[in-house]
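[1] Quick one, fold the following:
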Amino acid sequence: MNKITKKCIAALLPTLTLFSTSAQAENISIKTMQTIADQVKKQLNLPKKLDNETMLIDIVPSTNRLIYHYTLINYDGASIDAKVLYDTQKPIVTKNLCENPAMIYFRDNNISTEYIYFGKDKAAVTAVLVSPNDCTQIKD
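    Take a look at the predicted model:
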């Protein structure tokens with residue numbers, strides 16, 4: 001699922017550069033977050049199948065947060081081990097937020113990302129929340 005993150009970030013870079021000088025670091029408004037989400041969704045043409053198992057369905061804005069909705073297209077929610085999925089994805093998305101140059105806008109403006117995973121039956125499986133504060137916990 002590393003492809004998920006790379007494709008989303010590649011789509012975000014031009015949009016984030018556009019907003020990097022206009023937003024306040026204290027609190028990014030829902031309007032600004034909506035604009036960012038809309039631009040990314042347009043660039044990615046959602047919903048978008050990212051690999052043989054994952055589809056990015058939507059990106060939803062919240063104050064200082066973008067929420068990514070994924071469907072694991074081969075599995076019902078009850079058949080997925082939520083803890084294993086969480087434990088697998090948390091370090092990947094944390095490293096992405098903390099080390100990817102395209103995510104500097106998020107880090108500088110204290111914007112969190114949340115990844116919510118659903119089964120093909122639309123049953124929620126798990127959510128992984130990552131904030132710039134998590135970057136202090138990364139170990140190589």
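
[2] Just the mean pLDDT for stretch 76-86, thanks.
    Across stretch 76-86, pLDDT averages out at 96.

[3] Over to stretch 91-104?
    On average, stretch 91-104 scores 92.

[4] quick one: buried residues of stretch 86-93?
    89, 90, 92, 93 (16 or more other C-beta atoms under 10 Å). Using the backbone N, CA and C atoms, a C-beta is placed for each residue, glycine as well.

[5] these two touch, right, the first one and residue 128?
    Yes: with contact defined as C-beta atoms under 8 Å, residue 89 and residue 128 form a contacting pair (5.0 Å).

[6] Tell me the first helix or strand C-terminal of the helix-or-strand element of the chain with minimal mean pLDDT.
    Sorting the helices and strands of the chain by mean pLDDT, DSSP states H and E puts helix 2-19 at the bottom, at a mean of 45. Tracing the chain past helix 2-19, the next element assigned as helix or strand by DSSP states H and E is helix 30-44.

[7] Give me the sheet partners of the following helix or strand past that following helix and which way each runs.
    Next helix or strand after helix 30-44 toward the C-terminus (DSSP H and E): strand 48-49. The strands beside strand 48-49 in its sheet (DSSP bridges) come out as strand 54-62 (antiparallel).

[8] C-terminal to the partner strand, which secondary structure element comes first?
    Following strand 54-62 toward the C-terminus (DSSP H and E): strand 65-72.

[9] That next one to strand 54-62, inter-axis angle?
    160 degrees (axes from the mean of the first three to the mean of the last three C-alpha atoms, to 10 degrees).

[10] Outside of the helix or strand in which residue 114 is found itself, list whatever touches it.
    Using DSSP H and E, residue 114 maps to strand 112-119. Strand 112-119 has contacts (C-beta atoms under 8 Å, 6 or more residues apart in numbering) with 57, 64-72, 75-80, 85, 89, 93, 97, 106, 124-132.

[11] which of the residues in the helix or strand just after that strand are buried?
    Counting by DSSP H and E, the next helix or strand C-terminal to strand 112-119 is strand 124-130. Within strand 124-130, the residues that qualify as buried are 125, 126, 128, 130, counting by 16+ other C-beta under 10 Å.

[12] No further queries at this time; thank you.
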